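1. Quick one: sequence plus predicted model below, questions after.
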Amino acid sequence: MRAKQYLLEHLARIVADMGLALPEKLSIEFPKDKSHGDLATNLCMLLAKQAHMRPRELAVQIGEKLVAEDAFIAKAEAAGPGFLNITFSQGFWQKTLTDIIHEGDRFGSSNVGNGRKVQVEFVSANPTGPLHIGHGRGAAVGDSLARVLRFAGYDVSTEYYINDAGLQMRILGASVWVRAQQLSGRDIPLPETYYQGEYITDIARELLRKNPALPEMPEKEGTDICFEYAMNDILSGIKKDLADFRVRHDVWFSENSLVQTGAVDRGIERLKGSGLVYEEDGAIWLNTMALGDDKNRVLKKSNGYFTYFASDIAYHHNKFERGFDLAVDIWGADHHGYVPRMRAAMKALGYPDEAFDVILIQLVNLLRDGVQVAMSTRSGQFVTLADVLSEVGADAARFMFLSRKSDSPLDFDLEVMKRQSMDNPVYYVQYAHARVCSVLRKAKEKGIALSEDITPEMTAPLAAPDEIAILKLLDGFTDVISGAARTLSPHHVSYYLLELAGSLHSYYSSYPVLNATDQNIVQARLALMRSIGIVIRNGLDLLGVSAPESM
RNA sequence: GGGCCGUUAGCUCAGUUGGAUAGAGCGUUAGCCUCCGGAGCUAAAGGCCACAAGUUCGAAUCUUGUACGGCCCA
């Protein structure tokens, strides 16, 4: 981060002296940080294009000027066209430790979000049954994304949309009603389209205990009671599961409340302003084809009922009325066909394209020892998120979900997830953290004081290539976070942590810390250990994974 | 039939405004416990980045087409 800003300032001046303008987008952010040579190379290519020069020619010219700068050394290499390597002094990298220790749990945060108001809506499962493993993946991604965005300076609110109006909910109530009847000895069959799961019977049993008169009630009234009770019961179960998974929703938004307050009607009214709403066959339609969808969609059916689409439009309209600059929805990939029509609707409401984004979460393939575990919601035979958590733990599950980009399917093997080996990389990262803590503990026991003031003299012994490499890696943490925020991809954080943990383990095995020969070296390496610990902890926190001090 | 996503080492996967010799883990092979935590480390082998064309100084990355897989819609 600092390296880039630093480079930029100097290059900007040099380039200006040469009569060239720095492309504006370059002044915002440089995502690449593996090698600062890449950065310079990129820059040269862009500038060369602008100046109509051969890249190498320009590289040599810039290189010569850079060499004249006393703050860093640069050279244009003869090998390959247009390659320019820029090397920073060791002190430059060593200063990273000062920043980390000074900023502590804020290290890695930035202001690239610039306070933009973002809403992340995720999970939003119908409260008709417990959450399963697929919801877990969406929950982990959504929650972690929110944490990353917050850390990167966005103003984030997380939300769960409760689909508590509509057919599925009526079926839920009816299912419990039938089970309650059966439990009180009546021979009524449960229709196939009703919810079959064992949990429905459990709810009915519980409700009967509290309300023994239920089976005698008229069907309408009884079903309503069943629905109300079942939904609240299931919803509180969902809330508990999410809490156990360290997932937080700031707002629980009820679809029913939209319907009650007439928001759906108002949404359609507003849509009419786009001139794309029309009536046909007694139904009200939105001409989404005009905005990229592959066919037009019904808003209000001829029987007078609104479609799901209509209430979703009203809901999203409501989001923007609440002042969000960006609404991110996290959906199961099986809903991807829904994306074009929502985009079309947002456009019809007059919101810009970039105000609405959807992250699609691909399927989770649940396995046990390589054998697929059958899952079917209809038959009620599925492994719940709660089951998985109690078996493998929240840390392992979250890390696994956040170790893949969300748009590719994921194999989740329960047996592998219980193994404490590199099959299960969360332990590798946590172990690195525990190791660092252990060294710091031992230092304290030995009476070695850890100075709070990190001075350049103190970090100066960190001069080995391995050490400089780790310092560069630590310095890049902030970029990783802002990159993950920009691309809405929290999994970048996991990969970064794996890399950092690997560096620590490797370093640890060949460089003594407490047993180093010189007290100055001990202090310097302790500062390095502390910094690595802070960065791993900050990173794990963004993933919602614990950072144990011992294991 | 239309559409979305994917295809990178034997397996599971990273690789994001195009950049130097494409990276991890597992598995395989050969090593490392007198030493701060071996849940660890070192090294080797393993690649036509599905295929073909295009864009350019440069493509795993962008464009088009084809094949295969998953999903959605009709």
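-> Sure, I can see it.
2. drop to CA atoms for contacts and neighbour counts, all remaining ones
-> Will do.
3. quick one, domains of chain A?
-> A:2-88, A:94-112+A:423-543, A:167-244 (automatic domain parsing).
4. the helices in the stretch 251-400 of chain A, which residues?
-> A:255-260, A:263-272, A:308-321, A:339-348, A:385-392, A:394-401 (DSSP state H, counting those that start in this stretch).
5. Would you reformat these as CSV and include mean neighbour count, mean pLDDT and distance to A:V141?
-> Shown next, in CSV, are the helices of the stretch 251-400 of chain A (neighbours: other Cα atoms under 10 Å; pLDDT from 0 to 100; distance: least, Cα to Cα, whole Å):
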stretch, mean neighbour count, mean pLDDT, distance to A:V141
helix A:255-260, 15, 90, 23
helix A:263-272, 18, 92, 30
helix A:308-321, 19, 93, 20
helix A:339-348, 21, 90, 19
helix A:385-392, 17, 91, 15
helix A:394-401, 22, 94, 7
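6. Redo the domains of chain A as JSON lines? Include mean neighbour count and distance to RNA strand B.
-> As requested, those are exported to JSON lines (neighbours: other Cα atoms under 10 Å; distance: least, Cα to the nearest atom of the strand, whole Å):
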{"stretch": "domain A:2-88", "mean neighbour count": "16", "distance to RNA strand B": "3"}
{"stretch": "domain A:94-112+A:423-543", "mean neighbour count": "19", "distance to RNA strand B": "3"}
{"stretch": "domain A:167-244", "mean neighbour count": "17", "distance to RNA strand B": "16"}
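7. wouldn't A:S494 be in contact with A:S403 here?
-> Yes. Using Cα atoms under 8 Å, A:S494 is in contact with A:S403, at 5.8 Å.
8. hang on, the earlier thing: dump the domains of chain A to TSV, plus mean pLDDT.
-> Listed next are those as TSV, based on pLDDT from 0 to 100:
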stretch	mean pLDDT
domain A:2-88	47
domain A:94-112+A:423-543	91
domain A:167-244	93
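9. Nearest to A:R322, out of these?
-> Using Cα to Cα as the measure, domain A:94-112+A:423-543 is the one of the domains of chain A that comes nearest A:R322, at 21.7 Å.
10. after the helix or strand hosting A:A139 comes which helix or strand?
-> A:A139 is part of helix A:133-151, with elements assigned from DSSP states H and E. Downstream of helix A:133-151, the first helix or strand assigned by DSSP H and E is strand A:155-162.
11. Can you give me the separation between the closest residue in space to A:D99 that isn't next to it in sequence and A:R537?
-> Sequence neighbours aside, A:F107 is the residue nearest to A:D99 in space, at 7.5 Å (criterion: Cα to Cα, 6 or more residues apart in numbering). Look at A:F107 and A:R537: by Cα to Cα, to the nearest Å, they are 10 Å apart.
12. Kindly report the same for A:S390.
-> The value you get for A:S390 to A:R537, if Cα to Cα is used, is 24 Å.
13. same check, this time on A:I330
-> 26 Å.
14. With A:N296 instead?
-> A:N296 sits at a distance of 50 Å from A:R537 (criterion: Cα to Cα).
15. cool, and A:L183?
-> A:L183 sits 52 Å away from A:R537, going by Cα to Cα.
16. Find the residues that touch each one of A:S494 and A:S403.
-> Counting by Cα atoms under 8 Å, 6 or more residues apart in numbering, A:S494 and A:S403 have no shared contacts at all.
17. Do you have the strands of chain A handy? List them.
-> Secondary structure of chain A, counting by DSSP state E: strands at A:73-76, A:84-87, A:117-121, A:155-162, A:251-254, A:277-280, A:283-286, A:297-300, A:326-332, A:356-361, A:364-368, A:371-372, A:410-413.
18. now for those strands, which one comes closest to A:R435?
-> Set against A:R435 and scored by Cα to Cα, the strands of chain A come closest in strand A:410-413, at 27.5 Å.
19. can you pull the buried residues of that closest one?
-> A:410, A:412-413 (16 or more other Cα atoms under 10 Å).
20. can you list those in TSV and add pLDDT?
-> TSV is the format used below for those (pLDDT from 0 to 100):
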residue	pLDDT
A:L410	88
A:F412	89
A:D413	88
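21. what's the average pLDDT for stretch A:137-146?
-> In this model, stretch A:137-146 has a mean pLDDT of 95.
22. So what's the predicted local confidence for A:P130?
-> 89.
23. What distance do you get for it to A:A463?
-> 55 Å.
24. Return the residues in contact with A:K405.
-> Neighbour list for A:K405: A:489, A:491 [criterion: Cα under 8 Å, 6+ apart].
25. That one and A:G323, how far apart?
-> 29 Å.
26. And for A:R246?
-> 27 Å.
27. The two - which one has more neighbours?
-> Shown here are A:R246 and A:G323; by other Cα atoms under 10 Å, A:R246 has more neighbours (18 against 11).
28. List the residues that contact the more buried one.
-> By Cα under 8 Å, 6+ apart, the contact set of A:R246 is A:394, A:544.
29. Out of the domains of chain A, which gets nearest to A:A397?
-> That would be, of the domains of chain A and by Cα to Cα, domain A:94-112+A:423-543, which comes in at 9.0 Å.
30. How far does that closest one stretch from one end to the other?
-> One end of domain A:94-112+A:423-543 sits 27 Å from the other (Cα to Cα).
31. what does stretch A:359-373 give?
-> Start-to-end, stretch A:359-373 (Cα to Cα) is 26 Å.
32. what's the answer for stretch A:434-454, then?
-> Using Cα to Cα, the end-to-end distance of stretch A:434-454 comes out at 23 Å.
33. List of residues touching that stretch?
-> Contacts for stretch A:434-454 (Cα under 8 Å, 6+ apart): A:97-98, A:101, A:513-514, A:523, A:526-527, A:529-530, A:532-533, A:547-551.
34. Now intersect those residues with the helices, please.
-> In this view, the contacts of stretch A:434-454 that belong to helices under DSSP state H are A:97-98, A:101, A:523, A:526-527, A:529-530, A:532-533.
35. Now do A:R186 against A:P215, distance only.
-> Distance of A:R186 to A:P215, given as Cα to Cα: 9 Å.
36. before we move on, the earlier item: what's the farthest-apart pair in the ones in helices among the contacts of stretch A:434-454?
-> Farthest pair in the ones in helices among the contacts of stretch A:434-454, by Cα to Cα: A:Q523 and A:G533, 15.3 Å.
37. Kindly format the C-alpha coordinates of stretch A:301-313 as PDB.
-> Extracted in PDB, the C-alpha atoms of stretch A:301-313 (Å, rounded to 0.1, in the frame of the first residue of the first chain):
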ATOM      1  CA  LYS A 301     -52.200 -11.600 -12.000                       C
ATOM      2  CA  SER A 302     -55.700 -11.600 -13.400                       C
ATOM      3  CA  ASN A 303     -57.000 -13.000 -10.200                       C
ATOM      4  CA  GLY A 304     -55.900  -9.900  -8.400                       C
ATOM      5  CA  TYR A 305     -52.900 -11.300  -6.600                       C
ATOM      6  CA  PHE A 306     -49.500  -9.700  -6.900                       C
ATOM      7  CA  THR A 307     -46.700 -11.900  -8.100                       C
ATOM      8  CA  TYR A 308     -43.500 -12.600  -6.100                       C
ATOM      9  CA  PHE A 309     -41.800 -10.400  -8.700                       C
ATOM     10  CA  ALA A 310     -44.000  -7.400  -7.700                       C
ATOM     11  CA  SER A 311     -43.300  -7.700  -4.000                       C
ATOM     12  CA  ASP A 312     -39.600  -8.100  -4.700                       C
ATOM     13  CA  ILE A 313     -39.600  -4.900  -6.800                       C
END
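38. So A:H491 sits against A:L402, correct?
-> Yes. At 4.8 Å, A:H491 counts as touching A:L402 under the criterion of Cα under 8 Å.
39. Dead centre of chain A: give me the residue that sits there.
-> With distances taken as Cα atoms, centre = their mean, the residue of chain A nearest its centroid is A:L145 (2.4 Å).
40. Against A:D105, how distant is it?
-> Distance of A:L145 to A:D105, given as Cα to Cα: 18 Å.
41. How about A:N515?
-> Separation of A:N515 from A:D105 (Cα to Cα): 28 Å.
42. Fine by me, thanks again.
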